[in-house]
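Enquirer: coordinates for the following, if possible.
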Amino acid sequence: MGLLFLSAAFAQGATSYVYVESNVATVPFQNSVFAFANDGLGNLIALPNSPYLTGGTGVLAPGSSEVNADQEVVINAAGTALYAVNGHTNSIAAFTINGDGILSTIAGSPYASGGQDPVSIGLAGTFLVAANKNLDPDQDVDAHVPNYTTFSVKRNGSLRMNPGSTLDLARASGPSQALVLGRARLVFGLELFTSRIASYSYDKNGLLTEISFISPTTDHGAFLGEILHPNQRVLYAGLLATKELGVYSFDGAGNISFVQAVPNDGIDICWLRLNAAGTRLYSSESVTNTLTVYDTTDALNPVQIQHVTLNAADGPVINIELDPAQTFLYALAGHGIHTLRVDASGMLNELASPTILPIANRDTPFGMAVTRK
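Expert: Next up, the predicted model:
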């Protein structure tokens, strides 16, 4: 009766579906994607047969380096396909998202990622890029280097690696995120340990060419977390060492310039999300388990307007995601999904207790994506 009631309630309007990767590494080939429906009040209801196996194995994360990444799970613009990394088995899983949010494995999935330890997926239209970090402690990292490898996305959501597209990076550079700006055919790649964000153009064959790069504002600084403004040539990035948010602009060719750095009240600013209008920027801070809201009405001059602490977090904030309806923000901290309501002014208020993922303590879930149907 309860399931029938929920189904009827969801049928009355659009439903948001939340997906989180289990990153199971303690048991081979049991990595999976959990799927939930938001009942409209912020309660997350597990979908039938969730979690869905990815066909691969996650990465054990005794330290933080292996999971310091974003976009481990991504959804295409149409909300019809989902992609997730298998860090230990070096592949990308592909699923069809059905009308009821349930996932179906796409034929041929998972696909080889083109390197070791894929941690981030950038996607725009039929172009996909994987950041292979090469930091899995249970693989031979000395025999390989990190890279970016690109793929063509076929009509059914399956992937084809673009021949010759692998771009090798400096050893131990720690690529952690790959943002794609499809309308300009640009990729912005963040390297944690070489402390740089580089811009690349890509051609019709998916081949990458570096355009420019930037470094943090201080010596021994580091980037973690980047986001593109939805309608201006502005990029924001977390500056770990200085507890600041970096603001950057770039021209039509992708050349990046530093604008300014603004304060952040948390420690270890990491992940960033913007609303559709580009007027509110949300950041998470992993050490303090906090979230910060910036007013970005003036895109080059963010102003901090709220700083909140998550309730009863059992681990550092790993990822955040803004609901397409822009009425909820989700934060993955430890094994819990925290749901926060977003009010009309963009401010946050955490709801009930977090939804706990039923996986082993040694496994570290990461990656989050949301769509609405």
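Enquirer: may I have the beta-bridge partners of Val153?
Expert: With DSSP bridges as the criterion, Val153 is bridged to Leu159.
Enquirer: actually, Leu186.
Expert: Residues in beta-bridge contact with Leu186 (DSSP bridges): Leu181, Ser201.
Enquirer: ok, it to Ile197 distance?
Expert: 12 Å (CB to CB, to the nearest Å). (Glycine included, C-beta is placed from N, CA and C.)
Enquirer: Leu181 now?
Expert: For Leu181, the distance to Ile197 - CB to CB - is 13 Å.
Enquirer: go on, Gly182?
Expert: Gly182 is 18 Å from Ile197, by CB to CB.
Enquirer: which one of the two is surrounded by more residues?
Expert: Ile197 (22 against 15; other CB atoms under 10 Å).
Enquirer: contacting residues for that one?
Expert: Phe188, Gly189, Leu190, Glu191, Phe213, Ile214, Phe223, Glu226, Leu235, Ala237, Tyr248, Ile256 (CB atoms under 8 Å, 6 or more residues apart in numbering).
Enquirer: restricted to strands, list those.
Expert: Phe188, Gly189, Leu190, Glu191, Phe213, Ile214, Phe223, Glu226, Leu235, Ala237, Tyr248, Ile256 (DSSP state E).
Enquirer: so where do the helices sit in this structure?
Expert: 2-11 (DSSP state H).
Enquirer: pLDDT weak spots in it?
Expert: 1-12, 63-64 (pLDDT under 70).
Enquirer: mind doing that once more with 80?
Expert: 1-13, 61-66 (pLDDT under 80).
Enquirer: report the distance from stretch 307-318 to the chain centre.
Expert: When C-alpha coordinates are averaged (CA atoms, centre = their mean, to the nearest Å), stretch 307-318 and its chain have centres 17 Å apart.
Enquirer: apart from its chain neighbours, what residue comes closest to the residue nearest the centre of the chain?
Expert: With distances taken as CA atoms, centre = their mean, Gln71 lies nearest the centre of the chain, 2.4 Å away. Among residues not flanking Gln71 along the chain, Ser120 sits closest, at 4.5 Å (CB to CB, 6 or more residues apart in numbering).
Enquirer: that neighbour pairs with what?
Expert: Going by DSSP bridges, Ser120 forms beta bridges with Ala131.
Enquirer: switch to numbering from 671
Expert: Happy to do that; since the first residue is 671 now, the last one works out to Ser790.
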